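Trainee: here is the input, now give the coordinates:
(2 chains)
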Amino acid sequence: MSWTYPGIGHNFPDVASRSNTVTAPRPPRAAAARPGSVYRSSVGKKAVMAVTGAILVLYLVAHMVGNLKVFLGRADFDHYAHWLRTIGEPALPHRVFLTIVEVVLTVAVILHMWSAVSLARRARRARPVRYAVRPAAREHRYATHVMRYGGVVILLFVIWHLLDLTFGAVNPRGGGAEPYDKVVADFAPSHWYVTAFYVIAVIMVGLHLRHGIWSAFQTLGLGRRRRQRGLRLFAGTVAALLVIGFVSVPVMVTIGVVS
Amino acid sequence: MGMKLTLKIWRQKDGADKGRMVPYELEDISPDMSFLEMLDVLNERLILDGEDPVAFDHDCREGICGMCSLVIDGTPHGPQRATTTCQLHMRHFQDGDVITIEPWRAGAFPVIKDLVVDRTALDRIIQAGGYVSAPTGSAPDAAAIPVPQADAHDAFDAATCIGCGACVAACPNASAMLFTAAKVTHLGLLPQGQPERYGRVTAMVAQMDAEGFGGCTNTGECTAVCPKGIPFETITRLNADLLTAARRS
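Mentor: Here you go, the predicted structure:
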């Protein structure tokens, strides 16, 4: 069978009669729903990313506010850093609260990355042949780049950051120094390149959150047409405040305000 | 005096063929022609020259059937917002333009020939739950089932989806989320859709994943190219329903 439009001569290819046609593959069927299978669906993985992302954002807010203690001076900053290890004492043994936070954050980061990698691989498989022409960004194309490639940059930064200020392995003062000394030594004017690296990384985090916070609300089903402007504003504001707060410490050390 | 155009068109004999871009020169194209009429002109010439005409999908040519497709210069349905390819006119192009025409690109939409892709994956998503199991008989009394005005509007906005698949073609992840969300929203907002609401969303998302579409990452590329302007809000409504379904199960 072949259709020919009078005057147009457009021949629709007849799939069944083509000599090289093999039996059509069976159409894919979804597996029967099992409890918990929703969280393994593409939408469920985004929900995992939204919840773990929210945990990480809340941590970042606390972390940023804590950092600002550096402007109150050496005694306040070091006392604050010490207090983090004694939260909950004597009900909780020494450093238990901090360890719980570390475990929760590690699990959140792993689940967040696992979902992201899984969705990125699914996306790659979903478009085996790419377009010859890609237009200038239509909507929020920047999001896919900032989230995926930006996420990898953030991961590398976090690894450096932990080696630097948590374990002290790459800190000029080493692991045994007081927190205030480590910060001042790290971002000293002669170490301007470390400051530059931190500033760039924190801006990447800001761009990640600008889309990520808004996106998390959508994924958790909380976005509505009338709320979109407000949610974008909220995501942008939280991202901007975090960037300003985080960037202020290394920059102020480098220009000599904190020493 | 008509327009002179260079078309670069994806030619692919069948699913097994590798395919390639083939350039064609066209002269004397009227700015009042639709994009598909312009391709008809090319095909008439190819037939007279004894060549294989370019296969492309089309049916109603009035923007309501969802058959026409084409990624034109990288944008599904071309540069005009909220317009199907059949309703796109050549006056939106310039004399001397080079226009690249590609099929929808997605693993779940295998190329049948040239610019024609197999979109039955979308039909199977609908079969998985995009319906209401209710006796249809004669039309019920209009006031028998009250529907809030706002819900009626939102449901109708979602119901205008023509199933063309431009959302998949535009999505950086080749996700069919906007298509699926449009149906989930349409039925989920109306009283007739309530009994199957949560089973529907779970089954449709599972089928969407099984078809090999990518996952949604909220980029919004889909609504930007949707010829019917299906709102992004449908996606967040689907997410809400799926999470509710997960809690209930």
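Trainee: how close does the closest residue to residue A:105 other than its chain neighbours sit to residue A:66?
Mentor: Spatially, and ignoring its direct neighbours in sequence, residue A:105 is nearest to residue A:59 (6.0 Å; Cβ to Cβ, 6 or more residues apart in numbering or on different chains). To be clear about C-beta, it is placed using only N, CA and C from the backbone, and glycine gets the same treatment. Separation of residue A:59 from residue A:66 (Cβ to Cβ, to the nearest Å): 10 Å.
Trainee: can you check residue B:156 too?
Mentor: Taking Cβ to Cβ as the measure, residue B:156 falls 51 Å from residue A:66.
Trainee: neighbour count: those two, which is higher?
Mentor: Using other Cβ atoms under 10 Å in any protein chain shown as the criterion, residue B:156 and residue A:66 rank with residue A:66 on top: 15 against 12.
Trainee: am I right that that one is in a helix?
Mentor: Yes: according to DSSP: H, G, I helix; E, B strand; the rest coil, residue A:66 belongs to a helix.
Trainee: so residue B:133 makes contact with residue B:194?
Mentor: No: in this structure, residue B:133 is not within contact of residue B:194 by Cβ atoms under 8 Å, at 11.7 Å.
Trainee: which one of these two is surrounded by more residues?
Mentor: Set residue B:133 next to residue B:194 and count neighbours by other Cβ under 10 Å: residue B:194 wins out with 12 against 8.
Trainee: residue A:172: neighbour count?
Mentor: Residue A:172 is flanked by 16 other residues according to other Cβ under 10 Å.
Trainee: and the closest residue to it other than its chain neighbours, how many neighbours does it have?
Mentor: Using Cβ to Cβ, 6+ apart and skipping residues adjacent in sequence, the residue nearest residue A:172 is residue A:185, 4.4 Å away. Other residues within reach of residue A:185, judged by other Cβ under 10 Å, total 17.
Trainee: for chain B, give me the ranges with low pLDDT.
Mentor: For chain B, applying pLDDT under 70 flags the ranges B:1.
Trainee: give me the residue from it nearest chain A.
Mentor: Per Cβ to the nearest Cβ, residue B:240 is where chain B lies closest to chain A, at 2.6 Å.
Trainee: with adjacent residues omitted, what lies nearest to that residue?
Mentor: Nearest to residue B:240 is residue A:221, by Cβ to Cβ, 6+ apart, at 2.6 Å.
Trainee: ok, that neighbour - contacts?
Mentor: Applying Cβ atoms under 8 Å, 6 or more residues apart in numbering or on different chains to residue A:221 gives the contacts B:236-244.
Trainee: turn those into TSV, including secondary structure and neighbour count.
Mentor: Shown next, in TSV, are the contacts of residue A:221 (DSSP: H, G, I helix; E, B strand; the rest coil; neighbours: other Cβ atoms under 10 Å in any protein chain shown):
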residue	secondary structure	neighbour count
B:236	helix	25
B:237	helix	24
B:238	helix	26
B:239	helix	29
B:240	helix	21
B:241	helix	23
B:242	helix	25
B:243	helix	20
B:244	helix	14
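Trainee: report the two of those residues separated the most.
Mentor: Using Cβ to Cβ, the two most remote members of the contacts of residue A:221 are B:236 and B:244, lying 12.7 Å apart.
Trainee: for chain B, which segments count as helices?
Mentor: All helices of chain B, identified by DSSP state H, fall at B:35-48, B:120-129, B:149-159, B:166-170, B:177-188, B:197-210, B:221-225, B:233-248.
Trainee: deepest-packed of those, please.
Mentor: Ranked by average neighbour count under the criterion mean count of other Cβ atoms under 10 Å in any protein chain shown, the helices of chain B are headed by helix B:166-170 at a mean of 29.
Trainee: now chain A, which segments are flagged as low pLDDT?
Mentor: Within chain A, the stretches with pLDDT under 70 are A:1-25, A:31-36, A:136-141.
Trainee: for it, which residue gets nearest to chain B?
Mentor: The nearest approach of chain A to chain B comes at residue A:221, 2.6 Å away (Cβ to the nearest Cβ).
Trainee: which SS state does that residue fall under?
Mentor: coil.
Trainee: relative to residue A:213, how far out is it?
Mentor: Distance, residue A:221 to residue A:213, using Cβ to Cβ: 15 Å.
Trainee: one more: residue B:101?
Mentor: Distance of residue B:101 to residue A:213, computed by Cβ to Cβ: 39 Å.
Trainee: now do residue B:162
Mentor: To residue A:213, residue B:162 is 33 Å away according to Cβ to Cβ.
Trainee: okay, buried residues for the longest helix that chain A contains please.
Mentor: In chain A, assigned by DSSP H, the helix with the most residues is helix A:96-126. The neighbour-count check on helix A:96-126 (16 or more other Cβ atoms under 10 Å in any protein chain shown) flags A:97, A:105, A:108-109, A:111-112, A:115-116, A:118-120, A:122-123, A:126 as buried.
Trainee: for those residues, which one is nearest residue A:150?
Mentor: Nearest member of the buried residues of helix A:96-126 to residue A:150, counting by Cβ to Cβ, is residue A:116, at 11.0 Å.
Trainee: hang on, the closest one packs against residue A:149?
Mentor: No: Residue A:116 is beyond contact range of residue A:149, at 11.2 Å (criterion: Cβ under 8 Å).
Trainee: number of residues surrounding the closest residue to residue B:30 other than its chain neighbours?
Mentor: Once flanking residues are discounted, residue B:30 sits nearest to residue B:2: 5.5 Å by Cβ to Cβ, 6+ apart. For residue B:2, the neighbour count with other Cβ under 10 Å is 15.
Trainee: next, the contact list for residue B:2, please.
Mentor: Under the criterion of Cβ under 8 Å, 6+ apart, the neighbours of residue B:2 are B:27-31.
Trainee: could you do residue B:102 as well?
Mentor: Residue B:102 is in contact with A:131-133, B:10, B:70-71, B:115, counting by Cβ under 8 Å, 6+ apart.
Trainee: returning to what we had before: ok, which of the helices of chain B comes nearest residue A:235?
Mentor: Of all the helices of chain B, it is helix B:233-248 that lies closest to residue A:235, at 14.1 Å by Cβ to Cβ.
Trainee: tell me how far the closest one is from the chain's mean position?
Mentor: Here helix B:233-248 is found 23 Å from its chain centre; the criterion is Cα atoms, centre = their mean, to the nearest Å.
Trainee: now swap in stretch A:181-200 and tell me
Mentor: Distance, stretch centre to chain centre, for stretch A:181-200: 23 Å (Cα atoms, centre = their mean).
Trainee: mind listing what's buried along it?
Mentor: Along stretch A:181-200, these residues count as buried under the neighbour rule (16+ other Cβ under 10 Å): A:181-188, A:191, A:194-195, A:197-199.
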